[in-house]
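Participant: coords please:
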Amino acid sequence: MRWGLIPSWAKDMSGAAMMINARSETAATKPAFRDPLTSRRCLIPADGYYEWQRAGKAKQPYCFEVNDGGLFAFAGLWDRWKDPTRQWIKSCSILTTTPNAVTSAVHDRMPVIIATDDYDQWLDPGMTNVKAVSRMLKPYDPRQMRSYPISSRINYVANDDAGCSAVVELAQIQNRLF
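Facilitator: Okay, the predicted model is just below:
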């Protein structure tokens with residue numbers, strides 16, 4: 001599965017980088033996401049995600065977790081597109097929603113996290129009622145989430161280790177900025 005949804009009707013894959021996520025409030029009305037929301041939903045597993053909070057010119061990264069770092073799933077949409085060589089390329093996107101109390105201090109959006117009890121209904125290909133599906137597209141229960149500041153090491157793709165999501169003290173970060 002490729003990151004960045006390529007609609008089945010696209011002429012080329014140039015717009016895929018722009019479609020890494022979709023607003024859940026408007027997905028049913030957007031041509032690229034309308035059909036996938038009806039019949040091509042998926043779960044994207046994660047144990048955390050990152051957002052950056054602006055502080056003047058600096059941006060402080062935060063890690064967000066559910067159930068103390070346990071696995072959870074984002075609401076995803078997928079599609080398939082035939083490339084010029086006639087090979088199928090499958091691609092996906094994450095749905096976003098308004099932030100809950102945990103995420104709102106850092107960012108104005110958050111990924112839709114599907115409750116475990118809703119996995120079967122979300123994945124059911126027979127569930128084509130967009131209104132029923134849309135009821136699952138809401139901010140996740142903030143009592144089940146936590147966030148904490150992390151090192152700016154996360155900003156560099158060469159850094160790919162557990163230290164990227166280690167908790168840091170904001171006072172230490174502030175001292176280094178000035």
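Participant: pretty sure Thr128 contacts Ser39?
Facilitator: Yes: counting by CB atoms under 8 Å, Ser39 is a contact partner of Thr128 at 6.0 Å. Every residue, glycine included, has its C-beta placed from N, CA and C.
Participant: I'd assumed Trp88 was in contact with Trp81.
Facilitator: Yes: between Trp81 and Trp88 there is a contact under CB under 8 Å: 7.3 Å.
Participant: So if I had to pick from those two, which one is more boxed in?
Facilitator: Trp81 (20 against 9; other CB atoms under 10 Å).
Participant: Assign that one to one of the three secondary structure states.
Facilitator: With DSSP: H, G, I helix; E, B strand; the rest coil as the basis, Trp81 sits in strand.
Participant: What pLDDT is listed against the spatially closest residue to Pro31 that is not a sequence neighbour?
Facilitator: Leaving out its chain neighbours, the residue that sits closest to Pro31 by CB to CB, 6 or more residues apart in numbering is Pro7, at 7.0 Å. Looking at Pro7, its pLDDT is 93.
Participant: close enough to count as contact, Pro7 and Trp78?
Facilitator: No: contact criterion CB under 8 Å: Pro7 and Trp78 do not qualify, at 10.8 Å.
Participant: Of the two, give the one with the bigger neighbour count.
Facilitator: The residue with more neighbours, out of Pro7 and Trp78, is Pro7; 21 against 17, by other CB under 10 Å.
Participant: Could I get the contacting residues of the more buried one?
Facilitator: By CB atoms under 8 Å, 6 or more residues apart in numbering, the contact list for Pro7 reads Pro31, Ala32, Asp79, Trp81.
Participant: Report the separation between the last one and Val106.
Facilitator: For Trp81, the distance to Val106 equals 34 Å [CB to CB, to the nearest Å].
Participant: need the helices for this protein, in chain order.
Facilitator: Chain-ordered helices for the chain, with DSSP state H as the definition, fall at 31-39, 119-123, 130-134, 170-177.
Participant: Which of those helices sits closest to Gly69?
Facilitator: Among the helices of the chain, the nearest to Gly69 by CB to CB is helix 119-123 (19.2 Å).
Participant: Can you list the buried residues in that closest one?
Facilitator: Gln121, Trp122 (16 or more other CB atoms under 10 Å).
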